[in-house]
Structure formats: structure tokens, C-alpha cells
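fold the stuff below for me.
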Amino acid sequence: MCRILLAFILLTFSIINIGFVYAGGIISKINMDGKFISISSSDSVNKLETLIKKKITNQEDTQKPSWSEIKKIGEEYGLFKIGGLNFGLKMQDGTVGYWHDQKLSKTECQIQLLARKIVLDAANNQKVVIGDQGKLSFVAERLINEIVERMAKDR
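Model (predicted):
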């Protein structure tokens with residue numbers, strides 16, 4: 001009996017640390033330098049999943065957004081008002097210029113910026129310092145990739 005219980009506990013722990021967890025509202029637990037950021041199900045995550053589906057099914061808006069459109073997306077997602085421990089990673093005019101230079105489609109830009117907002121909110125709520133834009137990009141890309149992988153499995 002103890003072995004079964006121990007196996008169950010180890011399996012549960014492994015599932016939580018690998019990625020998506022369907023119970024308890026946590027959809028992803030991402031390791032960043034030994035610190036985990038848990039991403040919970042939310043309206044923002046649902047919106048991100050919808051944008052990713054549009055991209056995957058070629059129903060995306062392929063138009064390249066202007067500088068002002070990118071700024072508007074950032075404002076819509078609250079990226080200019082990031083506070084907490086990661087206030088230094090809030091969006092600024094230079095950040096808008098960076099995303100404009102990437103020549104992404106509007107949908108791709110929305111996916112990237114929304115993933116960053118979700119990660120920043122989760123990190124601030126969990127008192128995890130991300131440190132710099134490179135680490136933020138890493139964690140946001142992990143979140144996007146995990147959602148894409150889950151969608152592929154669900155097909």
C-alpha cells in the first residue's frame with residue numbers, strides 16, 4: 001500500500017514539474033533558473049490559446065502592424081503599467097520599436113505580447129523576479145510552445 005501511495009505521489013510531482021496540469025487550474029509550470037512560475041487558467045490564457053489557434057489554422061491577420069498599432073496592443077494588454085518585482089520589464093517606446101522591427105504579423109505580435117503579460121502577472125503574483133527581457137522571452141516562448149504542444153495532442 002505504501003509503495004502505491006509513494007508511486008502516486010512521485011507521479012503527481014513529476015506531472016506538475018513537466019508541464020501542463022489539468023487539475024487545480026494550473027496549465028503550466030515553467031522552470032526559470034531553478035524557480036518555477038505557475039501559469040493558471042484565465043481569460044488571458046484563453047485569449048492566447050485562441051490567437052495561437054488562429055495562427056495554426058492560417059486564420060490569422062497577416063498584416064504587419066504599424067508602430068502605433070503595436071503600442072496599442074501593448075496598452076490593451078497593460079504592458080506599459082507592469083508593476084511589482086518586474087516593473088523594469090514593462091513596455092516602453094523602445095520596446096515598441098523592437099517589436100515593430102521584428103516584422104511579425106499582427107496575430108504573431110499579439111501572441112508574443114500577451115504571453116509576456118501572462119508571464120509577468122504570474123511572476124509578480126508569485127514573487128518571482130524574471131531579471132531581464134531575455135529571460136522573459138524564454139519563459140514566454142516556453143508557455144507558447146507548451147500550449148501548441150497541448151493543442152497538437154488534443155487533435
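
can you tell me, leaving aside adjacent residues, what's nearest to the residue nearest the centre of the chain?
The C-alpha lying nearest the average C-alpha coordinate of the chain belongs to residue 115 (C-alpha atoms, centre = their mean; 3.2 Å). Among residues not flanking residue 115 along the chain, residue 140 sits closest, at 4.0 Å (C-beta to C-beta, 6 or more residues apart in numbering). For glycine as for every other residue, the C-beta is placed from the backbone atoms N, C-alpha and C.

show me what contacts that neighbour?
Residue 140 sits next to 112, 115-116, 118-119 when contact means C-beta atoms under 8 Å, 6 or more residues apart in numbering.

I'd assumed residue 36 was in a strand, is it?
Yes. Residue 36 forms part of a strand when assessed by DSSP: H, G, I helix; E, B strand; the rest coil.

run a quick neighbour tally on it.
Using other C-beta atoms under 10 Å, the number of residues around residue 36 comes to 13.

also residue 83?
For residue 83, the count of nearby residues is 10 (other C-beta under 10 Å).

ok, it to residue 44 distance?
17 Å (C-beta to C-beta, to the nearest Å).

what of residue 55?
Distance from residue 55 to residue 44, counting by C-beta to C-beta: 17 Å.

also residue 38?
Residue 38 sits 14 Å away from residue 44, taking C-beta to C-beta as the criterion.

mind listing what the residue nearest to the centre of the chain touches?
Contact analysis of residue 115 by C-beta under 8 Å, 6+ apart lists 48, 140-141, 143-144.

if any of the residues you listed are buried, put those into a PyMOL selection.
To isolate the buried ones among the contacts of residue 115 in PyMOL, judged by 16 or more other C-beta atoms under 10 Å, type:
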select buried, resi 48+140+143+144
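
among the contacts of residue 115, name the ones in helices.
In this view, the contacts of residue 115 that belong to helices under DSSP state H are 48, 140-141, 143-144.
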